[in-house]
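**Q** below are the sequence and a predicted model; questions follow.
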There are 2 protein chains.
Amino acid sequence: MEPKNVEKVTGAIADKYRLAILMQLAKQETMTSSDVQEMTGLSQPCVSHHVKQLTDSGLVDTQKEGRNVFLRLNKQALQQLCDFLKGLG
Amino acid sequence: MEPKNVEKVTGAIADKYRLAILMQLAKQETMTSSDVQEMTGLSQPCVSHHVKQLTDSGLVDTQKEGRNVFLRLNKQALQQLCDFLKGLG
DNA sequence: TCGAATCATTTAAAAGTTTGAATGTATTTG
DNA sequence: CAAATACATTCAAACTTTTAAATGATTCGA
């Protein structure tokens, strides 16, 4: 993984709410933006913004079905970050 | 590693200059703040600020010798972050 | 001891992030 | 079709981070 991408991915993780989303997706496989809204208590536009950061970073994939957007962890992206960190240590 | 700490550590990584410092420490074992200043071209106070973020996060240990501060990667902290990420994926 | 070197802190400006209200689009339900 | 639901986008305010100038402390060398 390129440093520029590491910067982006770690930046995506480095937020209370986004980390909570990632942790929930680790337990739960998928959730919708509405689920996130309920879980966090954030406004819908704010959730939309956080979800965008997660998808832009590659950590989360989305799949639109009807009105809903389903989020899913991208385990490969996580693995790639892990590999980069191992390369450092 | 606690989520709160993950947030802090990933936040410490998520910067161009701080990531460059970490990558250099992966190659070079130790460097001083002056070395960082030279490497990055940043002002001395700015370097001091970034180094503080890295040490506060636990990713970097410092050792003062005379006028110099020697930086060193904390591999255990890196490993702990890695373990957390593995737990997600 | 004097001057230079290394680093920390304070302060303030510039840049970036986070947030929600308002609004818009698309989809489902009655 | 009208109303409701799910989500995106635009905008502006609040907040945080990044940056360097100014200053101060400590250490080393001549």
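**A** Arrived safely.

**Q** where are the low-confidence patches of chain A?
**A** For chain A, no stretch has pLDDT under 70.

**Q** roughly how far does the one residue in it that gets nearest to DNA strand C sit from B:Leu85?
**A** Of chain A, the residue with the smallest distance to DNA strand C, taken as CB to the nearest atom of the strand, is A:Gly66 at 2.5 Å. The C-beta positions use only the backbone N, C-alpha and C, and glycine is treated the same way. Plainly put, A:Gly66 is 32 Å away from B:Leu85 if you go by CB to CB, to the nearest Å.

**Q** contact partners for the residue nearest to the spatial centre of chain A?
**A** Nearest to the mean C-alpha position of chain A, counting by CA atoms, centre = their mean, stands A:Leu54 at 3.7 Å. Residues in contact with A:Leu54 (CB atoms under 8 Å, 6 or more residues apart in numbering or on different chains) are A:Ala12, A:Arg18, A:Ile21, A:Leu22, A:Val60, A:Leu71.

**Q** quick one: which of the residues you listed sit in helices?
**A** Among those, the members falling in helices are A:Ala12, A:Arg18, A:Ile21, A:Leu22 (criterion: DSSP state H).

**Q** returning to that earlier point: give me the distance between the residue nearest to the centre of chain A and A:Gln80.
**A** For A:Leu54, the distance to A:Gln80 equals 15 Å [CB to CB].

**Q** same question, A:Val9
**A** Taken as CB to CB, the span from A:Val9 to A:Gln80 is 8 Å.

**Q** swap in A:Ile21?
**A** Distance from A:Ile21 to A:Gln80, counting by CB to CB: 19 Å.

**Q** neighbour count: those two, which is higher?
**A** Neighbours per residue (other CB atoms under 10 Å in any protein chain shown) separate A:Ile21 from A:Gln80, with A:Ile21 holding more: 26 against 17.

**Q** give the contact list for that one.
**A** Going by CB under 8 Å, 6+ apart, A:Ile21 touches A:Met31, A:Val36, A:Met39, A:Thr40, A:His50, A:Val51, A:Leu54, A:Val60, A:Leu71.

**Q** and DNA strand D, which of those residues contact it?
**A** Residues of these in contact with DNA strand D (CB under 7 Å from any atom of the strand): A:Val51.

**Q** taking the contacts of A:Ile21 one by one, which sit in strands?
**A** Judged by DSSP state E, strands contain the following of those: A:Met31, A:Val60, A:Leu71.
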